[in-house]
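> Sequence and predicted structure, then a few things I'm wondering about:
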Amino acid sequence: MKKLLLAFAILLILSCESDRTNQYCDIINNQTINLSNPEFINLQVPAGWAYANGGPKGIILYNYSSTFKAFSRECPQLDCTSQMTVVNDIKLTCPCDNSEYSILDGSPQTAGVSKSVCEFKVTQVSSAVLNVTNY
């Protein structure tokens, strides 16, 4: 029984360690986004996106039909000092290595890249107000 518990504990620790190497997310201060503001007009339609302040390099907000998503503009490659940008309304691109990520879920779209883009929690407070926080 002790061996079984020890094996389970080791497995749990190793799985936690592997999660940390796949994604490193900076903590952000809570952000309130008012969709009525002109800079967020594109977020009022499905598949619309906008840049916003928050985190070390900003965030990207995306209208995913009836919900919203928020991703860090910080490249998953930790040595990159540039902000990611949205390209063709469907992908995020890191200018340091030209790696591409899905705007739908932050997953890597470039071969050989394993780290995803950091995603933040978005809560819709009202029809015109969003809160962006850490998970």
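Looks like it came in fine. Numbers count the residues shown, from 1 in each chain.
> per-residue pLDDT, the closest residue to V129 other than its chain neighbours?
Closest residue to V129 apart from its sequence neighbours, by CB to CB, 6 or more residues apart in numbering: N34 at 5.8 Å. C-beta coordinates here come from the backbone N, C-alpha and C atoms, glycine included. On the pLDDT scale, N34 is placed at 96.
> and N34, how many neighbours?
12 (other CB atoms under 10 Å).
> Equivalent analysis for Q77, please.
Q77: 12 neighbours (other CB under 10 Å).
> Compute the distance between the residue nearest to V129 and A52, please.
10 Å (CB to CB, to the nearest Å).
> Common neighbours of those two, please.
Common contacts of N34 and A52 (CB atoms under 8 Å, 6 or more residues apart in numbering): F40.
> got the contact list for L130?
32-33, 35, 61, 68, 122-124.
> Check the gap between it and Y101 for me.
Taking CB to CB as the measure, L130 falls 21 Å from Y101.
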